[in-house]
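Visitor: Could you look at this predicted model? Sequence included:
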Amino acid sequence: MGDQLGCNSKPVSLSGTSRRPMEGLSYKVVYGRLSPIRASPRSVGRETLVLQIEPEGSAQGGEGSRTRLGLRELIPPSGLREYWYPGIAENKVGRRRPVAVQMLGEIVVFFRGEDGAVAALADPCPHRGESLSGGRCHFKGFLTCCYHGWTFDQNGECVAVLGEGTESVIPGQATARARRYPTAILGGMVFVWMGDGPAAPAEEDIPPEFFRPDSQILQSSVVWECNWRPAMENFFDAHIYYVHRNSGRLLSFSYSRLFSAIHCFDGKGAQAPRVVNNRALAFDRAHLNSLRGDGEDPEAHSDVPSAREMPSGVPFQYTFPALNGAKWPKTRLRYYIARSMSMFWRNSTESGIEPNVEWSMLHLPAIIRVINRRWIYSRITVPVSETTSRIFYIHARYPGNRFKRILNRISFHVFYNWWFNRNFSGQDKRVVENQYYDRPEKFSPSDLIPKEWRKLIVGHARTTDGLGLRHRSSPHARAMP
């Protein structure tokens, strides 16, 4: 997060802002800005960052101020920097003009280098700050700034200044370099290392199907008008049936899967996931399958339901006495639809799809991945700014021959992209965009996954100094659960 929470003898600096807080007042952080809290700090909630500024040497404050931090406010609103992120589809980068993409609050400029591979530079020209994205690729493999003609190669080196001719003293100078972002082109996507430190192995941050030559990667993207944190916390909680009840996906569920979606939590939380390799959260596979309605086979790694019956003695609908005996779902119509849909589901698994515990649920920096029997779904969230996120939907299959590749591409663009990404995930988009993420929270037992995800980030996210996010506060800070 990079925020320094100072003692009362110094200004408090947060996300580039600096102000001196008043003694005796409590403050909370809203997207990196200090806001005074008039009520008692206890009323703010356990997941809000509270700065109680007290006079130096006071009985309660001890040395300097007392600071209490919730996990949510330890997570950088602009994203986790020391990671690989998808930037752009390779086929969208031409040879004549650069393409600008905003990522983690920065503008990244993509163009083709001398070898034809996509290179990425920071947008500001090191000369006088002109936008390199407004430049041209007059010469193959080089990007020229539109202001004074500074020309850069794929490594960010200034090799010529067109406005000064061949006698210019600028080319070759270290201070004339544009910042270069390491890139990796995998599965038709350009991934970018956004960190300030040395690039980590791409295999640690990018789903494994991108490294397999026999995979077929199909993707689309959409912008969500929300911070990346609530976008990532929109996964596996009690919203599933309620928000998605009219989605094409839920209407196509078999009755066992529909029953699991409705009764997944039943007033209780799911089993706590475990941390895998300090990079991911994963359920025990048998537990995950039971929640999905996939039967008891521990080797069934599918998102497609089995044909098992609903548990005996458990009604399809809830009855709420506080609502005068009203039922939810209101009718049994979806139950009958689900029973008819069960006849069309096949339980066969497409060859090439393999279980992978680390990549079976949530993965740093911001990846949701679900392994189905016939395809693999990934949703990768890329922070654009503190109020905007770009969502990449990845549909991976292992077709085996050219005919299946063509068929998969047609079915993705005609059906799957709408069915899963636009319709189903579009419902998530609408609710998350209207969420007051900076307000106090009251967690339910079914909110286990968002809490565990925050713990994973704060405890294990990669940082430049290697100390982790939990240590990026004042010595008086205390992390709240």
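Guide: Here it is on my side, so go on. Numbering: from 1, shown residues only.
Visitor: just the strands in the stretch 201-350 of the chain please.
Guide: Assigned by DSSP state E, counting those that start in this stretch, the strands in the stretch 201-350 of the chain fall at 216-224, 274-276, 280-282, 318-320, 326-328.
Visitor: and Gly94, which of these is closest to it?
Guide: With C-beta to C-beta, the closest approach to Gly94 among those belongs to strand 216-224: 18.3 Å. Where you see a C-beta, it was placed from the backbone N, CA and C, and this is true even at glycine.
Visitor: got the contact list for that closest one?
Guide: Residues from elsewhere that reach strand 216-224, judged by C-beta atoms under 8 Å, 6 or more residues apart in numbering: 89, 187-189, 209-210, 231, 384, 388-399, 405, 408-409, 412-413, 416-417, 421-422, 426, 429, 432-433.
Visitor: From these, list just the buried residues.
Guide: 89, 187, 189, 209-210, 231, 384, 388-399, 408, 412, 416-417, 421-422, 429, 432 (16 or more other C-beta atoms under 10 Å).
Visitor: just checking, which of those belong to strands?
Guide: In this view, the buried ones among the contacts of strand 216-224 that belong to strands under DSSP state E are Ala89, Met189, Ser389, Arg390, Ile391, Phe392, Tyr393, Ile394, His395, Ala396, Arg397.
Visitor: If the last one is in a bridge, with which residues?
Guide: What it means is Arg397. Arg397 has these beta-bridge partners by DSSP bridges: Gln216.
Visitor: ditto for the second one
Guide: Beta-bridge partners recorded for Met189 (DSSP bridges): Ala89, Leu186.
Visitor: gap between it and Val93?
Guide: 11 Å (C-beta to C-beta, to the nearest Å).
Visitor: tell me which residues in the helix of greatest length in the chain are buried?
Guide: Scanning the chain for the longest helix, with DSSP state H as the assignment, gives helix 448-460. Within helix 448-460, the residues that qualify as buried are Leu448, Ile449, Pro450, Lys451, Glu452, Trp453, Arg454, Lys455, Leu456, Ile457, Val458, His460, counting by 16+ other C-beta under 10 Å.
Visitor: Among those, which one lies nearest to Ser133?
Guide: Closest to Ser133, out of all of the buried residues of helix 448-460 and judged by C-beta to C-beta, is Ile457, at 30.8 Å.
Visitor: The closest one contacts Tyr83, correct?
Guide: No - proximity of Ile457 to Tyr83 does not meet the contact threshold set by C-beta atoms under 8 Å, at 11.1 Å.
Visitor: Could I get the pLDDT score of Leu291?
Guide: Here, the pLDDT recorded for Leu291 equals 49.
Visitor: now the strands of the stretch 201-350 of the chain as CSV including mean neighbour count and mean pLDDT?
Guide: Formatted as CSV, the strands of the stretch 201-350 of the chain follow (neighbours: other C-beta atoms under 10 Å; pLDDT from 0 to 100):
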stretch, mean neighbour count, mean pLDDT
strand 216-224, 18, 97
strand 274-276, 15, 93
strand 280-282, 21, 94
strand 318-320, 12, 91
strand 326-328, 13, 93
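Visitor: Quick one: closest of those to Gly105.
Guide: With C-beta to C-beta, the closest approach to Gly105 among the strands of the stretch 201-350 of the chain belongs to strand 216-224: 14.8 Å.
Visitor: export the closest one as PDB, just CAs?
Guide: What follows is strand 216-224 as a C-alpha-only set of coordinates in PDB (Å, rounded to 0.1, in the frame of the first residue of the first chain):
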ATOM      1  CA  GLN A 216      -6.900 -23.400 -26.800                       C
ATOM      2  CA  ILE A 217      -7.300 -20.100 -25.100                       C
ATOM      3  CA  LEU A 218     -10.400 -18.000 -25.900                       C
ATOM      4  CA  GLN A 219     -10.900 -14.700 -24.100                       C
ATOM      5  CA  SER A 220     -13.000 -11.600 -23.800                       C
ATOM      6  CA  SER A 221     -12.800  -8.600 -21.500                       C
ATOM      7  CA  VAL A 222     -15.100  -6.000 -19.900                       C
ATOM      8  CA  VAL A 223     -14.700  -3.000 -17.600                       C
ATOM      9  CA  TRP A 224     -16.300  -3.000 -14.200                       C
END
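Visitor: just the angle between that strand and strand 389-397, please?
Guide: Relative orientation of strand 216-224 versus strand 389-397 (axes from the mean of the first three to the mean of the last three C-alpha atoms, to 10 degrees): 160 degrees.
Visitor: quick one on the thing from earlier: okay, and the common contacts of Ile457 and Tyr83?
Guide: Common neighbours of Ile457 and Tyr83 (C-beta under 8 Å, 6+ apart) are Leu364.
Visitor: Apart from its neighbours in sequence, what residue is nearest Gly79?
Guide: Pro383 (3.3 Å; C-beta to C-beta, 6 or more residues apart in numbering).
Visitor: and what of Gly156?
Guide: Arg180 (3.8 Å).
Visitor: is it true that the one you found touches Gly113?
Guide: No - assessed by C-beta under 8 Å, Arg180 is found out of contact with Gly113, at 10.4 Å.
Visitor: residues shared between the contacts of the two?
Guide: Common neighbours of Arg180 and Gly113 (C-beta under 8 Å, 6+ apart) are Ala119, Gln154.
Visitor: mind checking how far the closest residue to Ala117 other than its chain neighbours is from Tyr416?
Guide: Closest residue in space to Ala117, ignoring its immediate chain neighbours: Ile185 at 6.4 Å, by C-beta to C-beta, 6+ apart. As defined by C-beta to C-beta, Ile185 lies at a distance of 24 Å from Tyr416.
Visitor: again with Ile217
Guide: 13 Å.
Visitor: Just list whatever residues bridge to Thr151.
Guide: For Thr151, the beta-bridge partners under DSSP bridges are Thr144, Ala160.
Visitor: Assess the claim that it and Thr144 are in contact.
Guide: Yes - assessed by C-beta under 8 Å, Thr151 is found in contact with Thr144 at 4.4 Å.
Visitor: Common neighbours of these two, please.
Guide: Shared contacts of Thr151 and Thr144, counting by C-beta under 8 Å, 6+ apart, come down to His138, Leu162.
Visitor: can you give me the helices for the chain?
Guide: 71-74, 228-232, 239-244, 248-251, 255-263, 285-292, 333-341, 402-411, 425-432, 448-460.
Visitor: Return the distance of the first one from the chain's centre.
Guide: Between the centre of helix 71-74 and the centre of its chain there are 16 Å (C-alpha atoms, centre = their mean, to the nearest Å).
Visitor: Repeat that for the longest one.
Guide: Its chain's average C-alpha position is 13 Å from that of helix 448-460, according to C-alpha atoms, centre = their mean.
Visitor: do the second one as well
Guide: The chain centroid and the centroid of helix 228-232 are separated by 6 Å, computed with C-alpha atoms, centre = their mean.
Visitor: And Val108, what's its pLDDT?
Guide: 98.
Visitor: Show me what it is bridged to.
Guide: Here Val108, judged by DSSP bridges, has bridge partners Val101, Ala122.
Visitor: Test my guess that it contacts Val93.
Guide: No - taking contacts as C-beta under 8 Å, Val108 lies outside contact range of Val93: 11.4 Å.
Visitor: These two: which is more packed in?
Guide: Counted by other C-beta atoms under 10 Å, Val108 and Val93 do not tie: Val108 has more neighbours, with 25 against 21.
Visitor: quick one, what contacts that one?
Guide: Counted by C-beta under 8 Å, 6+ apart, Val108 has contacts Gly87, Ala100, Val101, Gln102, Ala120, Leu121, Ala122, Asp123, Tyr181, Val192.
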